[in-house]
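Novice: no sequence for this one, just the structure:
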């Protein structure tokens, strides 16, 4: 997929080739990012989020395929757990989701 | 699955045979519900949630399989959209998730 994954933890809504990382912006920003990627010729877009933003990632997938690009399907959903360092230095487990939309 | 689905919109954390509906309680309440169902002999537990509670449902699945019941896998995840009537009578689209844990 993307060759450059080191910007993964930034709040950018577009990392690498066909990945949309959901952050704290409006849902529609990420929907627009997905629609743009498909319109540019992507056949697969991966929507990633963690923690509370997981529900927003599901919203992004649902709005993209129901309202904007009808011939797109959810081809895969993976959930997982990552460990994040808190400000105080302790470890915190955070849930993650990766939703793959395919044409 | 469950014969009686009419209590689906209540905040109960256990609807029917092997379904856990995630509501506004603590994450651990729902983890306990899953663990109890598996310990009672269930081979499949479905975790359902909608809206913002979707991220909590993912937490429930991850905590159950990582910390409590190691031989359980996520066998299926389905996302969707339902329409909910608001207090003012208008329709609101809400995302949903169903995570199936299997032994």
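Specialist: Now that the structure is in, tell me what you want to look at. Because the structure is a prediction, the values reported are computed rather than measured. Numbers count the residues shown, from 1 in each chain, chains lettered A, B, ... in the order given.
Novice: quick check, the helix ranked longest in chain A touching chain B?
Specialist: Counting by DSSP state H, the longest helix found in chain A is helix A:27-39. No - judged by Cβ under 8 Å from any Cβ of the partner chain, helix A:27-39 and chain B are separated, with a smallest distance of 10.0 Å. For every residue, glycine as well, the C-beta is placed using N, CA and C.
Novice: what does that helix contact?
Specialist: A:13-14, A:18, A:20, A:22, A:45, A:47, A:56-57, A:59-61, A:63-64, A:67-69, A:72, A:101, A:103 (Cβ atoms under 8 Å, 6 or more residues apart in numbering or on different chains).
Novice: same thing but at 6 Å, please
Specialist: Applying Cβ atoms under 6 Å, 6 or more residues apart in numbering or on different chains, the external contacts of helix A:27-39 come out as A:13-14, A:18, A:20, A:22, A:45, A:56, A:59-60, A:63-64, A:68-69.
Novice: Adding pLDDT, write those out as CSV.
Specialist: Output for the contacts of helix A:27-39, formatted as CSV (pLDDT from 0 to 100):
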residue, pLDDT
A:13, 48
A:14, 47
A:18, 91
A:20, 95
A:22, 97
A:45, 95
A:56, 97
A:59, 96
A:60, 97
A:63, 96
A:64, 95
A:68, 94
A:69, 91
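Novice: before we move on, back to that, give me the mean pLDDT for the longest helix of chain A.
Specialist: The average pLDDT within helix A:27-39 is 95.
Novice: and if you look at stretch A:75-91?
Specialist: Computed over stretch A:75-91, the average pLDDT equals 92.
Novice: residues making contact with that stretch?
Specialist: Contacts of stretch A:75-91 (Cβ under 6 Å, 6+ apart): A:92-100, A:102, B:58, B:62, B:77.
Novice: same thing but 7 Å
Specialist: Here stretch A:75-91 makes contact (Cβ atoms under 7 Å, 6 or more residues apart in numbering or on different chains) with A:50, A:92-100, A:102, B:58, B:61-62, B:66, B:74, B:77, B:79.
Novice: In space, what's closest to residue A:58 - neighbours in sequence excluded?
Specialist: Of all residues not flanking residue A:58 in the chain, residue B:95 sits nearest, at 4.4 Å (Cβ to Cβ, 6 or more residues apart in numbering or on different chains).
Novice: Going by distance to chain B, which of the contacts of helix A:27-39 wins?
Specialist: residue A:59 (5.0 Å; Cβ to the nearest Cβ).
Novice: how close does the residue nearest to residue A:58 sit to residue A:40?
Specialist: Using Cβ to Cβ, to the nearest Å, residue B:95 is found at 25 Å from residue A:40.
Novice: Since that was my last question, I'll sign off now.
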